[in-house]
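Enquirer: let's see this in three dimensions:
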Amino acid sequence: MVLGLSISAFTTLHVLLSLVGIASGLVAVAAMISRRSSPGWTALFLTTTLLTTLTGFLFPISVLTPALIVGLVSLALLIAALLALYAFHSRGAWRWIFVVTAVAALYLNVFVLIVQAFQKIGFLNALAPTQSEPPFLVAQAAALLAFLIAGYLAAVRIPPRGLPAV
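Expert: So this is what the prediction gives:
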């Protein structure tokens, strides 16, 4: 049991938070790229992604795993993004810090989604059972490239005065 939920129910909650975080993050990044403000989508993305990260630490794990390391990096990125947006209102260098940390946190959530997909979805697992095979590596490389491009576009297109805080 975790937070009064069975491990299965808690896992479902964690996955749902992650999927909402990814979907809302994609909308928020698309808005940044198109020079639009989307405070609601951005807040939903940051909240659900933070909750995804925090709930990940509540699973009964007794050793340091790659998932925990990704979670710690994600937490640091999210704290920086939250500070940049809500404490410093994305002014000056904080706008770049917000974009880079937000896009990087979204990328890490997608990175984990790809890992989980190759572990749990039968036909993907058959293509890359050890996650060292070309299909897995191509999927991860394509995601990384897409997020590098999106992050660059968002960073150069965000207005000089930054994004308004929610």
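
Enquirer: find the nearest non-adjacent residue to the residue nearest to the spatial centre of the chain, please.
Expert: By Cα atoms, centre = their mean, the chain has its centre lying nearest to residue 106, at 2.4 Å. Of all residues not flanking residue 106 in the chain, residue 25 sits nearest, at 3.9 Å (Cβ to Cβ, 6 or more residues apart in numbering). Quick note: C-beta positions are derived from backbone N, CA and C, even for glycine.

Enquirer: surely the one you found touches residue 47?
Expert: No - with contact defined as Cβ atoms under 8 Å, residue 25 does not reach residue 47; the gap is 10.9 Å.

Enquirer: neighbour-wise, which of those two wins?
Expert: Legend: neighbour count by other Cβ atoms under 10 Å for residue 25 and residue 47, higher for residue 25 (24 against 16).

Enquirer: sec struct for the more buried one, please.
Expert: Assigned with DSSP: H, G, I helix; E, B strand; the rest coil, residue 25 falls in the helix class.

Enquirer: kindly report the same for the one 10 residues further on.
Expert: Under the three-state scheme (three-state DSSP), residue 35 adopts coil.

Enquirer: now it, nearest residue through space, not along the chain?
Expert: Leaving aside its chain neighbours, residue 35 sits nearest to residue 157 (5.2 Å; criterion: Cβ to Cβ, 6+ apart).

Enquirer: report the contact partners of the one you found.
Expert: 32, 33, 34, 35 (Cβ atoms under 8 Å, 6 or more residues apart in numbering).

Enquirer: how many neighbours does the first one have?
Expert: If I follow you right, that is residue 32. For residue 32, the tally of surrounding residues (other Cβ under 10 Å) stands at 26.

Enquirer: what packs against whichever strand or helix holds it?
Expert: Residue 32 belongs to helix 7-33 when assigned by DSSP states H and E. Counting contacts by 3 or more Cβ pairs under 8 Å, 6 or more residues apart in numbering; DSSP states H and E, helix 7-33 is packed against helix 39-56, helix 93-120, helix 134-157.

Enquirer: buried ones in it?
Expert: 10, 13-14, 17-18, 20-22, 24-25, 27-29, 31-33 (16 or more other Cβ atoms under 10 Å).
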